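Engineer: need a structure here:
(4 chains)
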Number of protein chains: 2
Amino acid sequence: MTTRRDITERNDRALLQAARDVLAEDGAHASVAAVAARAGVGIGSLYRRYRTKEELFQRLSLMSLDHWNEAAEQGLADPDPWAGLATFVRRCVEFGQGTLAPIAGAIEVTREMSDKARHGDELLDELVRRAREAGALRADVTTVDISLLIEQLGRFPAADQLRKQGRDDLLPGAAEARRRLIAIALDGLRAGHAPLPGSPPDNELFTGRWSNP
Amino acid sequence: MTTRRDITERNDRALLQAARDVLAEDGAHASVAAVAARAGVGIGSLYRRYRTKEELFQRLSLMSLDHWNEAAEQGLADPDPWAGLATFVRRCVEFGQGTLAPIAGAIEVTREMSDKARHGDELLDELVRRAREAGALRADVTTVDISLLIEQLGRFPAADQLRKQGRDDLLPGAAEARRRLIAIALDGLRAGHAPLPGSPPDNELFTGRWSNP
DNA sequence: CTATGCCGGAGCGATTCGCTCCGCAACTGG
DNA sequence: CCAGTTGCGGAGCGAATCGCTCCGGCATAG
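Structural biologist: Next up, the predicted model:
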């Protein structure tokens, strides 16, 4: 039997998932109506759970940061430094971490968010350091390079977006196609290639990543 | 001396460049007002040159297709198959080819566009075939993989977008950061890596890529 | 069976959209 | 030097969409 409490919880999960998907398709201009519709939920229910659109997106950002940190810790738990880094990258891309970047400037950044972001930066630093010292990671690859790769590959268009673009050929294997891109990028990160062009930025990594203008 | 005709031509160029930049930042929801403002041109001038918003975007798509084909022919002219493919990828990403994908479903596809797209597919086929036969390209990489890489890396956020995201650390070297990602991806495409996950799609490449829903 | 409280969605004012229309300034031919 | 012409910028139109409020209806708890 499904109690009312069950419905409320399921609605909340559906809202967060829908918000992520809609953001992936529509970018920063995503509307609350679209989120509610995709979640199969009335607008009223959305606004009972979240007082404003910003509150919903803040909650989603926190979820995203939590996922990043959890994936990083999982990677660090792997005794093989390279496998750990690869797992982290794969998980972040598949989560669609990059699709949330466009709203970073549209919401107020809470203390909790910046704290979690800072912690995430430290974890990625450690992941990269381990992989580099093990000789598995190309020496001149920075954490910035990796987070940008995650961001770009994580913006892989969702199924609906692909359909709008007329790329029906990719519909059956969109997830698989993205996995192939990740594999290509990871191989490009491995040691043994020629140096990357340009000098890696030397300033503090990720400084101001969640700062507000 | 600058005649009126000069001003008109300069305005047209500015409009197309502005349209590309605004699309890169705002996605498919980009407004004509934003395009005109960024081009430093009145809305009236925009609508004298292009009768509708769609006409402007169609013209931009044609430009993009021309750039793709020109870059591909330049790559084919290179006696070194791998260098030719790399040049093609670099040029397409730096042109921002991927930023136009979101509007593909928002405009009517003319015969001219689909013809040019088909020709572009043939050119890429040939680029890939050459590189593979020379043993430079990983054997199981498909043209789909490469066009998706171009699309994803080509969506690298413009400077304004980076500023909105609070990634001020990247502002001075956004172009350089993108170049580093391209280099990583290209190294991942080179021969000598383990096979890619999943089976490459066997259906006709790019079928329906510009088709209308 | 009554009472409770969460559900969905119609509808509010405000904003933004694509687009039209017109006053103004700049260049041209005489 | 003077009309005449032409391309310029932007105020403003109706329509569409925005974030958000409010309430009637109904399933569930007691």
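
Engineer: in the worst-scoring helix or strand of chain A on mean pLDDT, what counts as buried?
Structural biologist: Ranked by mean pLDDT, DSSP states H and E, the helix or strand of chain A with the weakest confidence is helix A:159-164, at a mean of 80. Applying a neighbour-count criterion of 16 or more other C-beta atoms under 10 Å in any protein chain shown, the buried positions in helix A:159-164 are A:Asp160, A:Gln161, A:Leu162, A:Lys164. No exception for glycine: its C-beta is placed from N, CA and C like everyone else's.

Engineer: any chance of those in JSON lines, plus distance to B:Asp12?
Structural biologist: As requested, the buried residues of helix A:159-164 are exported to JSON lines (distance: C-beta to C-beta, whole Å):
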{"residue": "A:Asp160", "distance to B:Asp12": "34"}
{"residue": "A:Gln161", "distance to B:Asp12": "30"}
{"residue": "A:Leu162", "distance to B:Asp12": "32"}
{"residue": "A:Lys164", "distance to B:Asp12": "28"}
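
Engineer: hmm, back to that, send me the next helix or strand after the least confident helix or strand of chain A as PDB with only the CA atoms.
Structural biologist: Downstream of helix A:159-164, the next assigned helix or strand under DSSP states H and E is helix A:174-189. Backbone C-alpha positions of helix A:174-189 (Å, rounded to 0.1, in the frame of the first residue of the first chain) are rendered in PDB as follows:
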ATOM      1  CA  ALA A 174      23.400   7.300 -26.800                       C
ATOM      2  CA  ALA A 175      24.700   6.100 -23.500                       C
ATOM      3  CA  GLU A 176      27.100   3.800 -25.300                       C
ATOM      4  CA  ALA A 177      28.300   6.500 -27.600                       C
ATOM      5  CA  ARG A 178      29.100   8.600 -24.500                       C
ATOM      6  CA  ARG A 179      31.000   5.800 -22.900                       C
ATOM      7  CA  ARG A 180      33.100   5.500 -26.100                       C
ATOM      8  CA  LEU A 181      34.000   9.200 -25.800                       C
ATOM      9  CA  ILE A 182      35.000   8.800 -22.200                       C
ATOM     10  CA  ALA A 183      37.200   5.900 -23.100                       C
ATOM     11  CA  ILE A 184      38.900   7.900 -25.900                       C
ATOM     12  CA  ALA A 185      39.500  10.900 -23.500                       C
ATOM     13  CA  LEU A 186      40.900   8.600 -20.800                       C
ATOM     14  CA  ASP A 187      43.300   7.000 -23.200                       C
ATOM     15  CA  GLY A 188      44.400  10.500 -24.200                       C
ATOM     16  CA  LEU A 189      45.100  11.200 -20.500                       C
END
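
Engineer: what's the spacing between A:Arg111 and A:Thr142?
Structural biologist: Using C-beta to C-beta, to the nearest Å, we find A:Arg111 at a distance of 27 Å from A:Thr142.

Engineer: If you count surrounding residues, which of the two has more?
Structural biologist: Each of A:Arg111 and A:Thr142 had its neighbours counted (other C-beta atoms under 10 Å in any protein chain shown), and the higher figure belongs to A:Thr142 (18 against 7).

Engineer: secondary structure class for A:Pro157?
Structural biologist: coil (DSSP: H, G, I helix; E, B strand; the rest coil).

Engineer: Check which residues of the host helix or strand of A:Arg90 are buried.
Structural biologist: Here A:Arg90 sits within helix A:81-95, counting by DSSP H and E. Under the neighbour-count criterion of 16+ other C-beta under 10 Å, helix A:81-95 has A:81-82, A:84-95 buried.

Engineer: buried set for the helix or strand hosting A:Gly120?
Structural biologist: In this assignment (DSSP H and E), A:Gly120 forms part of helix A:111-133. Within helix A:111-133, the residues scored as buried using 16+ other C-beta under 10 Å are A:113-114, A:116-117, A:120-121, A:123-124, A:126-128, A:130-132.

Engineer: Mind giving me the packing neighbours of it?
Structural biologist: Helix A:111-133 sits against helix A:53-77, helix A:81-95, helix A:143-153, with contacts defined as 3 or more C-beta pairs under 8 Å, 6 or more residues apart in numbering or on different chains; DSSP states H and E.

Engineer: The residue positioned nearest the centre of chain A: what's its closest spatial neighbour, skipping adjacent residues?
Structural biologist: Per C-alpha atoms, centre = their mean, the C-alpha nearest to the average position across chain A is that of A:Gln97, at 0.9 Å. Spatially, and ignoring its direct neighbours in sequence, A:Gln97 is nearest to A:Gly154 (4.6 Å; C-beta to C-beta, 6 or more residues apart in numbering or on different chains).

Engineer: Just to check, the one you found is in contact with A:Val93?
Structural biologist: Yes. Proximity of A:Gly154 to A:Val93 meets the contact threshold set by C-beta atoms under 8 Å, at 4.7 Å.

Engineer: what's the distance between A:Arg59 and DNA strand D?
Structural biologist: 13 Å (C-beta to the nearest atom of the strand, to the nearest Å).
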